[in-house]
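>>> Dropping a prediction and its sequence here:
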Amino acid sequence: MAKKSVNEKLQKKIFLDKKSSWHDLKKDQVFKFADSYKKFLKESKTERLCIENVVKVLKKNDFKDINTITNVKEGDKIYKNVRGKALLAAIIGKNPSKWQLIGSHVDSPRLDLKPHPVYEDSGFGLIKTHYYGGVKKYHWVNTPLALHGVAFTKEGKKVTIAIGDKDDEPKFIIPDLLPHLARNQMERKANKIIEGEELNILVGSIPVDDDKIKEQVKFTVLKYLHKEYGLIEEDFAIAELELVPVTNPMDIGFDSSLIAAYGQDDKVCVYASLMALLETKEPKNTSVAFFADKEEIGSVGDTGAASFVLQNFAHDYAQLTKLKITVSNLFENSNAVSADVTAGMNPNYKDVHDPSNASYLGRGVSVEKYGGGGGKYSTQDAHSEYMQYIREILDKNKIAWQTGELGKIDLGGGGTIAMFLSRYGMNCLDAGPSLLGMHSPCEVTSKADIYSSYLFYKAFFKE
Ligand code: MN
Ligand code: MN
């Protein structure tokens, strides 16, 4: 083999090597991690189910509910469940005055039921929905759906509803228009091909055999819900009911290297950071995992990252640890990672990306200085000092990583919880796997990137 020239050697040193991370990964470990992730995801399709499963895992690993304890010491493991829809978990570090915090979100785009959802038309019982988050509405027609959530009877009894995820349970569906009669529909602009008011779900078709009843199918639908759950029509106005795709996580490709599933944004980071936390032993600083709700609609509400939920937890934490500094100083000392997904290069739509500033599936965890859109609106912008700190962690632990922008500058954009974490005065950046088909009922990730993200979160907690 010919000897490398001086310039060739120099090129190797000064050029960025963008290669697939699969070359350096132990495939059996990557696939094993992916299998347990798929199992978690399958059972965590909604924010409530996800938090329920996070709590189960935490309890099994000796984390204590902060409402059951009055003080903590180094090495103790605690969590705070916020209304069953958001959660904070921590392992008290040797130095309790600094947090290494990783925040992800448990909610995903979906269809919520309207307050008065049930009606009858053309011999069908139907349910009206209101979409939640940024969806392409045409994804949701002809997609089998499961119903999840909670409701209250007039008497105040809380009922949990879960229909459609098991093989032997009925599902729900929005029937699309047949192509034979879609001439006018196909003339519509893509964002109007299916309109919000057309997202009405089939829920029944057998009428009650009684001439005295006017809406005979609506009657049987409401009768069923009354018999099964004790619900009456008015109770829907009080309920939180969501429709999510029935499809379960599956491997994709001859090599099974990819995963397609609903809700990977952002349960992939929830799972990876949760596993990273469980494997953190005797951390130098306190490790904190924040699982936030409502990211998909702007992190609003009392369970979203824009609320004071993190600050409230910090006050609880200060009391429990008898913290010697103020909560604001604690925040200013702390480092944060907004663990969220980003867009990966899609070979069918390459023109929306700047190829040299895009993330690619399989090249490792994507670390982003900023997100947002246009002139860097709706984001934060990490300091170079913090980016260097993170690069050192990645290099030291030999973790495959890359960076990219969400897409071409003026084509759109998207936010994460990074801007809400950084407002406390902590260092922050975004880091997570890139994916294809984000916000669709079947998002695609690379098992390699899920594993690299998990390795990075673990290394970050250890700092
Ligand atoms: Mn997200
Ligand atoms: Mn999202």
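Alright, I've got the coordinates. Ligands and ions are numbered 1, 2, ... in the order given.
>>> Give me the neighbour count for the closest residue to residue 233 other than its chain neighbours.
What sits nearest to residue 233 in space, not counting adjacent residues and going by Cβ to Cβ, 6 or more residues apart in numbering, is residue 222, at 5.9 Å. Yep, even glycine has a C-beta here, placed from its N, CA and C like the rest. When neighbours are counted by other Cβ atoms under 10 Å, residue 222 registers 18.
>>> Repeat that for the one 10 residues further on.
Residues contacting residue 232 under the criterion other Cβ under 10 Å number 12.
>>> hang on, it packs against residue 222?
Yes: here residue 232 reaches residue 222: they are 7.4 Å apart, a contact under Cβ atoms under 8 Å.
>>> Send me stretch 293-310 as PDB with only the CA atoms.
These are the backbone C-alpha positions of stretch 293-310, laid out as PDB (Å, rounded to 0.1, in the frame of the first residue of the first chain):
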ATOM      1  CA  ASP A 293     -45.700  17.100  29.500                       C
ATOM      2  CA  LYS A 294     -47.300  19.500  26.900                       C
ATOM      3  CA  GLU A 295     -44.100  20.100  24.900                       C
ATOM      4  CA  GLU A 296     -46.100  19.500  21.700                       C
ATOM      5  CA  ILE A 297     -48.300  22.400  22.300                       C
ATOM      6  CA  GLY A 298     -45.600  24.800  23.600                       C
ATOM      7  CA  SER A 299     -44.800  23.400  27.000                       C
ATOM      8  CA  VAL A 300     -47.700  25.300  28.500                       C
ATOM      9  CA  GLY A 301     -49.900  24.300  31.500                       C
ATOM     10  CA  ASP A 302     -49.000  23.200  35.000                       C
ATOM     11  CA  THR A 303     -47.300  20.000  33.800                       C
ATOM     12  CA  GLY A 304     -45.300  21.700  31.000                       C
ATOM     13  CA  ALA A 305     -41.700  22.800  31.100                       C
ATOM     14  CA  ALA A 306     -42.700  26.500  30.700                       C
ATOM     15  CA  SER A 307     -44.500  26.400  34.100                       C
ATOM     16  CA  PHE A 308     -42.800  26.500  37.500                       C
ATOM     17  CA  VAL A 309     -42.900  22.700  37.900                       C
ATOM     18  CA  LEU A 310     -39.100  22.500  37.900                       C
END
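>>> Run through who's touching that stretch.
Outside of stretch 293-310, the residues within contact range by Cβ atoms under 8 Å, 6 or more residues apart in numbering are 47, 82-83, 85-86, 88, 103, 105-109, 132-134, 266, 290, 292, 340, 415-417, 420-421, 424.
>>> cool, stretch 217-236 as well?
With Cβ under 8 Å, 6+ apart as the contact definition, stretch 217-236 has outside contacts at 113-120, 123-125, 151-155, 157, 159, 161, 203-208, 210, 213, 239.
>>> in it, what counts as buried?
Residues of stretch 217-236 classed as buried: 217, 218, 219, 220, 221, 222, 225, 229, 231, 235, 236 (neighbour count, 16 or more other Cβ atoms under 10 Å).
>>> what separates the first one from residue 209, distance-wise?
Right, residue 217. Relative to residue 209, residue 217 is positioned 12 Å away (Cβ to Cβ, to the nearest Å).
>>> I'd like to know which of the contacts of stretch 217-236 are buried.
113-114, 117-120, 124-125, 151-152, 159, 161, 203-204, 207, 239.
>>> burial count for residue 392?
So residue 392, with other Cβ under 10 Å, has 11 neighbours.
>>> Point out the other elements, helices or strands, that the one helix or strand it maps to touches.
Per DSSP states H and E, residue 392 falls inside helix 384-396. For helix 384-396, the packing partners by 3 or more Cβ pairs under 8 Å, 6 or more residues apart in numbering; DSSP states H and E come out as strand 335-338, strand 365-368, strand 427-432, helix 447-462.
>>> who touches that helix?
Residues outside helix 384-396 that contact it (Cβ under 8 Å, 6+ apart): 335, 337, 365, 367, 369, 399, 401, 427-429, 431, 456, 459-460, 463.
>>> Flag every buried residue along that helix.
For helix 384-396, by 16+ other Cβ under 10 Å, it's 386, 387, 389, 390, 393, 394.
>>> Could you check the angle that helix makes with strand 427-432?
40 degrees (axes from the mean of the first three to the mean of the last three Cα atoms, to 10 degrees).
>>> Which SSE is immediately downstream of whichever strand or helix holds residue 228?
Assigned by DSSP H and E, residue 228 belongs to helix 216-229. Using DSSP H and E, the next helix or strand after helix 216-229 towards the C-terminus is strand 240-245.
>>> Adjacent strands (with direction) for that following strand?
With DSSP bridges as the test, strand 240-245 is paired with strand 110-121 (antiparallel), strand 145-152 (antiparallel).
>>> closest to residue 67 out of these?
strand 145-152 (20.8 Å; Cβ to Cβ).
>>> Okay, angle between the helix or strand following the closest one and strand 145-152 too, please.
Using DSSP H and E, the helix or strand that directly follows strand 145-152 along the chain is strand 158-163. Here strand 158-163 runs at an angle of 170 degrees relative to strand 145-152 (the same axes, to 10 degrees).
>>> Give me the packing partners of strand 158-163, helices and strands only.
strand 145-152.
>>> Leaving out chain neighbours, which residue sits closest to the residue nearest the centre of the chain?
Centrality entry for the chain: nearest residue to the mean C-alpha point is residue 266, 1.8 Å, by Cα atoms, centre = their mean. Leaving out its chain neighbours, the residue that sits closest to residue 266 by Cβ to Cβ, 6+ apart is residue 105, at 4.5 Å.
>>> For the one you found, give its distance to residue 375.
Counting by Cβ to Cβ - residue 105 and residue 375 are separated by 25 Å.
>>> repeat for residue 165
From residue 165 over to residue 375 (counting by Cβ to Cβ), the distance is 43 Å.
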